[in-house]
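Visitor: With the sequence up front, the predicted model follows.
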Amino acid sequence: MTIPRTFTISSQSTAAAQFEVSKGGKNYMGVYAVETKQNTYTGLAKEDMAAGEVYTIKLAGIQNPRYQVIYSELIKDQDKTKAEDQLWQIRTYDTTGFSDANNLIDAGKGGHVDVTVVTPMSSFGVDALNQTNGVATKYFVSWFSNVKTVRTDKFFVEFARETVLTVPPGAKVSNPPTLTCLGVNGFEKYGLTCQME
Amino acid sequence: MYSVDTSLSYNEFCQIYLCYLITFVNNDIIKANSKMKVDVKNLINPESILTVGKVEITTLMKYTADTMYYVIDSEDGPSNFNAKAGTIDATKMKVSHDGLNTKATYADN
């Protein structure tokens, strides 16, 4: 069983301990391998499993993607590979090996799961360096996220409409004015770029 | 007229491979250079796409009073079976979080 790349196997031990393929409350498989890099679970049948029956595979130790996944929206996208990437794959092999060229019995790609709930930030705050009305100042934006941020992720901040972006004295005026920002904690030097939408 | 024996006991290799022993039970003589065709029905294809081995045919003779067969001639050839893996119906594959799991981003299930 190969899970989509957007999901990760977060705990190999949990994945192995809870893996089962069942029907009618009976477990037909033991775990053979859990490969975190390949995102695969491999089971070994403990006894014959009849064709034409529906079996349930229980997979645990899986971490949801960092972002929302709504399959019905993805299939509307022109880039259908995004939807394709969300499908789960299963392959069965005979007892002599795992070669797609020699041992494959049957294969399927289908089924998907939506990740619909956005994890809330634990904290978020905005502080102005100078609290005087009408002056140009710097704002400090801080947040604590339970979801890791990776390179090229975007952070969208919507300031109160009463604030105005100013041009620093002597700076070249661009249209629209350029927003500058500096990562303070948790960022490499110049590891943050900003633009005004 | 002929009879077919699939008891697999007449040849040690038939304990491993599928063998059919076809015995001509009357006194007809089949001349040399004759062509014969054997239709074997109800064979089930291999479970997987593992390469299918050769098909071998051997003619044998046996004296009436003897229990032993003697090989006359033999030939083998490819089975010409091109296996294709089965397809699991994608519409029958369903994936869901179970009741205890969370659908939140980055949640560990």
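Guide: That came in fine, so what should we check first?

Visitor: Residue nearest the middle of chain A, spatially speaking?
Guide: Nearest to the mean C-alpha position of chain A, counting by Cα atoms, centre = their mean, stands A:Pro65 at 2.1 Å.

Visitor: What distance do you get for that residue to A:Thr152?
Guide: When Cβ to Cβ, to the nearest Å is the yardstick, A:Pro65 and A:Thr152 sit 16 Å from each other. (C-beta placed from N, C-alpha, C; glycine too.)

Visitor: try B:Asp89
Guide: To A:Thr152, B:Asp89 is 38 Å away according to Cβ to Cβ.

Visitor: just A:Ile57 next, same as before
Guide: When Cβ to Cβ is the yardstick, A:Ile57 and A:Thr152 sit 34 Å from each other.

Visitor: and the two? which has more neighbours close in?
Guide: Ranked by neighbour count (other Cβ atoms under 10 Å in any protein chain shown), A:Ile57 and A:Thr152 place A:Ile57 first, with 16 against 5.

Visitor: so what does whichever strand or helix holds the more buried one touch, helix or strand wise?
Guide: Using DSSP states H and E, A:Ile57 maps to strand A:56-58. If contacts are counted by 3 or more Cβ pairs under 8 Å, 6 or more residues apart in numbering or on different chains; DSSP states H and E, strand A:56-58 sits against strand A:20-23.

Visitor: Give me the sheet partners of the next helix or strand after the strand it packs on and which way each runs.
Guide: Past strand A:20-23, heading to the C-terminal end, the next element that is a helix or strand (DSSP H and E) is strand A:26-27. If you go by DSSP bridges, strand A:26-27 pairs up with strand A:20-23 (antiparallel).

Visitor: and the strand it pairs with, average pLDDT?
Guide: Along strand A:20-23, the predicted confidence averages to a pLDDT of 96.

Visitor: List the buried residues for it?
Guide: Going by neighbour count (16 or more other Cβ atoms under 10 Å in any protein chain shown), the buried part of strand A:20-23 is A:Glu20, A:Val21.

Visitor: centroid residue for chain B?
Guide: For chain B, counting by Cα atoms, centre = their mean, the most central residue is B:Leu18, which lies 5.7 Å from the centre.

Visitor: can you tell me how far that residue sits from B:Ile44?
Guide: Plainly put, B:Leu18 is 10 Å away from B:Ile44 if you go by Cβ to Cβ.

Visitor: re the thing from before, does the residue nearest to the centre of chain B lie in a helix or a strand, and which?
Guide: Going by DSSP H and E, B:Leu18 is not part of any helix or strand.

Visitor: Tell me who's in contact with residue 107.
Guide: In the absence of a named chain, chain A is used. A:Gln89, A:Ile90, A:Arg91, A:Thr92, B:Ala85, B:Gly86, B:Thr87, B:Ile88 (Cβ atoms under 8 Å, 6 or more residues apart in numbering or on different chains).

Visitor: meant chain B, my bad for not saying
Guide: By Cβ under 8 Å, 6+ apart, the residues touching B:Ala107 are A:Gln63, A:Asn64, A:Val117, A:Thr119, B:Asn101.

Visitor: what do you get if the cut-off is 7 Å, keeping everything else the same?
Guide: Contacts for B:Ala107 (Cβ atoms under 7 Å, 6 or more residues apart in numbering or on different chains) come out as A:Asn64.

Visitor: confidence score at it?
Guide: We note a pLDDT of 94 for B:Ala107 in this prediction.

Visitor: same question, A:Lys172
Guide: 62.

Visitor: residue boundaries of the helices in chain A?
Guide: Per DSSP state H, chain A has helices spanning A:12-18, A:71-74, A:81-84. These are given in chain order.

Visitor: Mind checking these for the one nearest to chain B?
Guide: For those, proximity to chain B was assessed by Cβ to the nearest Cβ; helix A:12-18 is nearest, at 8.8 Å.

Visitor: what about stretch A:108-118, how long is it end to end?
Guide: Across stretch A:108-118, the terminal residues are separated by 30 Å (Cα to Cα, to the nearest Å).

Visitor: How many residues are close by A:Ala60?
Guide: Applying other Cβ under 10 Å, we find 20 residues neighbouring A:Ala60.

Visitor: Check the one 10 residues further on too.
Guide: A:Ile70 is surrounded by 13 other residues when neighbours are defined as other Cβ under 10 Å.

Visitor: Kindly report the same for B:Asp108.
Guide: Around B:Asp108 sit 15 other residues, with neighbours defined as other Cβ under 10 Å.

Visitor: Pull the contacting residues for it.
Guide: A:Ser10, A:Gln63.
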